[in-house]
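> Provide a 3D model corresponding to the input given below.
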Amino acid sequence: MGLAFETRPSDSSWVQSVWTCRSGAVTEMTSVATETWGLVLWEQDGRRLAAVSGPERATGTAPVPEGATFLGNQFAVGTSLRGVPTPALVDGGIELPEVSGGRFRLDGRRWEVPGADDAEALVARLVADGTVQRDPLVTAALRGDRPAVTDRTLERRFRAATGLSRGAVRQIARAREAAVLLASGAPAADVTFALGFYDEPHLARALRRYVGRTAGQLQDGEGGPLALDPAQRTTSYRSLATPLA
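Model prediction:
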């Protein structure tokens, strides 16, 4: 076994998805660009660890601890962590103190480690405490509203909240959705049309930049361990397509 991912969408407006993963005899994986930041907790050899992961602007290679189990919360676009500007997390992250007594430390407080089924309950506590915040202007734009500000102001607020431009968020989300569809067996031509790529070469360039796989590799399950759940239900690109077009 390499990597066994399971991902589910969330009914919380603060959370994009919740995922779990088990690693086997694998030491590295291909990471996939992501437009969101996340909270990751994992256990290996009796140790429990935690980290905050940032948005990633391109694909890359990441180490994988062997025999570990992971739980991840990917937060919704536009949310942020108090005291840590999201731009500072882009293409990186923060290692948190080692988990002890079933609790991890974040933003100066200790929080109970959640399970996969109650991850949103933790997020609700983080929001109530103010540890996780969001910019209402950005949230309104993502919802499809037209805030009464200039495009320049909206773009500045968007970059401050997400660490990325509006265009980059849209492109990354679309490439991730394309990868999931292809890995699920969809023909490249259908994916190209459905997601609004100009043509298949345009799709190929996006996959190479953001996913690190060709359409054929995704369809055939080739290329080695990939940080993506082929069964993942994606909604991020479709929700972003209209306001960010």
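
> which residues in this protein form helices?
Secondary structure of the chain by DSSP state H: the helices cover 119-129, 136-142, 151-162, 166-183, 188-195, 200-210, 215-220, 236-241.

> avg pLDDT for the first one?
Right, helix 119-129. Mean pLDDT, computed over helix 119-129, is 96.

> buried sites along that helix?
Neighbour counts over helix 119-129 (16 or more other CB atoms under 10 Å) mark 119-120, 122-123, 126-127 as buried. Where you see a C-beta, it was placed from the backbone N, CA and C, and this is true even at glycine.

> swap in the fifth one?
Neighbour-count burial for helix 188-195, counted by 16+ other CB under 10 Å, picks out 188, 191-192, 195.

> out of the residues you listed, flag the one nearest to residue 10.
Of all those, residue 195 has the smallest distance to residue 10: 22.2 Å, by CB to CB.

> my read: the closest one touches residue 176, true?
No. Judged on CB atoms under 8 Å, residue 195 makes no contact with residue 176 at a distance of 10.4 Å.

> quick revisit: using CSV, lay out the helices of the chain together with distance to residue 15.
Formatted as CSV, these follow (distance: least, CB to CB, whole Å):
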stretch, distance to residue 15
helix 119-129, 6
helix 136-142, 14
helix 151-162, 15
helix 166-183, 15
helix 188-195, 23
helix 200-210, 22
helix 215-220, 26
helix 236-241, 12
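
> ranking these by burial, who's on top?
For the helices of the chain, the largest average neighbour count (mean count of other CB atoms under 10 Å) is found in helix 166-183, namely a mean of 23.

> need the longest strand for the chain.
Secondary structure of the chain per DSSP state E: the longest strand is strand 15-23.

> describe which strands it pairs with in its sheet and in which direction.
If you go by DSSP bridges, strand 15-23 pairs up with strand 3-9 (antiparallel), strand 69-75 (antiparallel).
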